[in-house]
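Novice: fold the following, please.
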Amino acid sequence: MDLLRSHDEISELQRRHPAWQLLRARTAPLALAFLGGVFVEENVRSVSRTDLLTRLDELLHALNDRTDDGDQYARTAAQYVDEWADPGTAWLRAYYPPGADEPAYDATPAVEKALGWLRSLQPAPFVGTESRLNTVIELLRQMAFGAELDPQVRLEELHRRRREIQEEIDRVSAGQVDVLDPAAQRDRYQQFATTARELLADFRQVEENFRALDRALREKIATWSGGKGELLEEVLGDRRGIADSDQGRSFHAFYDFLLSAPRQEEFADLLVRVQRLPDVAQTLPDTRLRHIHHDWLDAAERTQSTVRLLSDQLRRFLDDQVWLENRRVMEILRGIEAGALAVRDRPGKPPGTTVDATEITVVLPTERPLYRQRRRLTLDSDGITDATERADPTALYEQVYLDPARLSAAVADGLARGPVAALPDILREHPLQQGLAELVGYLALRDGVETTVDGERRDEVTWTGEDDVDRAASVPHVVYTRAGSRRPPAGREPDEEPR
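Specialist: The predicted model follows:
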């Protein structure tokens, strides 16, 4: 399962990450050579469009002149720059400096990552491991004892280090000086050079992280629907969060180190002394490393300037949002004032409102009938014999058609005189014409009405059949109401007012 997840993550990076897309691009040699030479090797953080196009045009002419057909790179410099600065490519970041009408460009962290991977492919004449092992042990020692809260444990570690220093002092006093051999010197210098270059490259990523935070804050402000106080608390909390984060604290500590004059002098003195060592000089050290601390300071100052600029832009953005909200409020107030002045001299209508329904439908829990257990009927099937008489089957063919529309009209006529209508009242106005079948139809009626049956009350219904014989039936008390209206409680007369 872990292998599948790793495959999917790598596939997603291959499809989306700008550094991977740069390495796979057809013009990768041109882009890496040009962007790396202009922005990384020269430690330049901002180049105007005119200067960038001029330098790229010169490089394109030089490359095309070396080939026979002369069209190795047939596109113009502007086309290449626009493609590299496209948001879908994201190898260059285009922006307008304050007060400038022409865009400027800077390399993105993706270019730094791609160049770092290319440098790792170059064959190294010497691969050292001792210095990195010492660095690992020293880092572990710093973390283990730096986080120790027990004073006794820290005192024991300090005494141990003091004994080691005293032993070294005694050896040097006795003329026994331990000198690093040439391999150890080259090993440590190689690690220093790699770390120094990686540190310089990380500044672009730090700057990009600050910009990502600023974009997230602007999006939050633009879509905010709460109060201004809550918005300001969110914004200030995020600003404090980036400053108090691991990256923020590490960056500020590094920047404080660069601003310390004694530490700068110490670093510069140590760097000069190291590069003068014969064994280090034989490795042809990078000349940029002689002024690497100045490059660090320039990059850090650039990052700090970016943070200050983003803060100013964010403040102006907040001011604009507040101004727009206040303007909208003033427009609403002016509209209310204009409407009040327009109707001031007109005879106004009496206050009131229109209500669609004059009755509120309220169904109380106590109005619902409780569960009633039905009586069980005992069926006695003993002693049943076959019939001897012959039945007349003609009765099966005498079907009675019952019109439910006529029954519904009769109920509607009763409901027209009041909110409820009882079955006996309806039958007094509309006597039964089809006998028991019509009575059953009234009991089963559901079209547009609601039926309430009160089993505790009985009504006697009479009618005259087709054979002129009077018949009667005892039925439960049935009350009809309009569908959706409030049902009368069981046991209450239709015309009885609620108490």
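Novice: CA atoms for contacts and neighbours, from now on please.
Specialist: Noted.
Novice: for the stretch 1-150 of the chain, which segments count as helices?
Specialist: Shown for the stretch 1-150 of the chain, the helices assigned by DSSP state H, counting those that start in this stretch span residues 2-16, 18-24, 28-35, 49-65, 77-85, 109-121, 130-146.
Novice: for the fifth one, which residues meet the burial criterion?
Specialist: Spelled out, it's helix 77-85. 77, 78, 80, 81, 84, 85 (16 or more other C-alpha atoms under 10 Å).
Novice: repeat for the last one
Specialist: Neighbour-count burial for helix 130-146, counted by 16+ other C-alpha under 10 Å, picks out residue 131.
Novice: ok, residues contacting the following helix or strand past it?
Specialist: Where DSSP states H and E defines the elements, the next helix or strand beyond helix 130-146 is helix 151-173. Under the criterion C-alpha atoms under 8 Å, 6 or more residues apart in numbering, residues 145, 148, 177 lie in contact with helix 151-173.
Novice: got the angle for helix 151-173 vs helix 130-146?
Specialist: Orientation of helix 151-173 against helix 130-146 (axes from the mean of the first three to the mean of the last three C-alpha atoms, to 10 degrees) gives an angle of 140 degrees.
Novice: could you say what helices and strands the longest helix along the chain packs with?
Specialist: Ranked by residue count, the top helix of the chain under DSSP state H comes out as helix 292-342. On a contact count with 3 or more C-alpha pairs under 8 Å, 6 or more residues apart in numbering; DSSP states H and E, helix 292-342 meets helix 182-222, helix 246-259, helix 261-275.
Novice: can we see that at 7 Å?
Specialist: helix 182-222 (3 or more C-alpha pairs under 7 Å, 6 or more residues apart in numbering; DSSP states H and E).
Novice: average pLDDT across the helix it packs on?
Specialist: Helix 182-222 shows a mean pLDDT of 76.
Novice: about what we covered before: in a markdown table: the helices of the stretch 1-150 of the chain, plus mean pLDDT and distance to residue 386.
Specialist: Below are the helices of the stretch 1-150 of the chain laid out as a markdown table (pLDDT from 0 to 100; distance: least, C-alpha to C-alpha, whole Å):
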| stretch | mean pLDDT | distance to residue 386 |
| --- | --- | --- |
| helix 2-16 | 83 | 80 |
| helix 18-24 | 90 | 96 |
| helix 28-35 | 92 | 104 |
| helix 49-65 | 90 | 112 |
| helix 77-85 | 92 | 101 |
| helix 109-121 | 87 | 100 |
| helix 130-146 | 79 | 104 |
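Novice: kindly reformat those helices as a markdown table containing distance to residue 373.
Specialist: Conversion of the helices of the stretch 1-150 of the chain to a markdown table gives the following (distance: least, C-alpha to C-alpha, whole Å):
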| stretch | distance to residue 373 |
| --- | --- |
| helix 2-16 | 62 |
| helix 18-24 | 76 |
| helix 28-35 | 87 |
| helix 49-65 | 91 |
| helix 77-85 | 82 |
| helix 109-121 | 79 |
| helix 130-146 | 78 |
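Novice: looking at those helices, which is closest to residue 264?
Specialist: With C-alpha to C-alpha as the criterion, residue 264 lies closest to helix 130-146 of the helices of the stretch 1-150 of the chain, at 22.0 Å.
Novice: list the buried residues in the helix or strand where residue 457 lies.
Specialist: Assigned by DSSP H and E, residue 457 belongs to strand 449-464. Judged by neighbour count (16+ other C-alpha under 10 Å), strand 449-464 contains these buried residues: 449, 450, 451, 452, 454, 461, 462, 463.
Novice: what distance do you get for residue 356 to residue 450?
Specialist: To residue 450, residue 356 is 22 Å away according to C-alpha to C-alpha, to the nearest Å.
Novice: next one: the residue lying closest to residue 279 once chain neighbours are set aside from residue 89, what distance?
Specialist: Excluding the flanking residues, the one nearest residue 279 by C-alpha to C-alpha, 6 or more residues apart in numbering is residue 182, at 5.6 Å. Residue 182 sits 45 Å away from residue 89, going by C-alpha to C-alpha.
Novice: neighbour count for these two, which is higher?
Specialist: A direct count of neighbours by other C-alpha atoms under 10 Å for residue 182 and residue 89 places residue 89 higher, at 17 against 12.
Novice: distance check, that one against residue 110.
Specialist: Counting by C-alpha to C-alpha, the gap from residue 89 to residue 110 is 10 Å.
Novice: need the overlap of contacts for those two.
Specialist: Here residue 89 and residue 110 have residue 18 as joint contacts, going by C-alpha atoms under 7 Å, 6 or more residues apart in numbering.
Novice: next, residue 108: phi, psi?
Specialist: phi -90, psi 170 (degrees, to the nearest 10).
Novice: so what pLDDT did it get?
Specialist: pLDDT for residue 108: 89.
Novice: now for it, how many residues are close by?
Specialist: 23.
Novice: gap between it and residue 415?
Specialist: Relative to residue 415, residue 108 is positioned 81 Å away (criterion: C-alpha to C-alpha).
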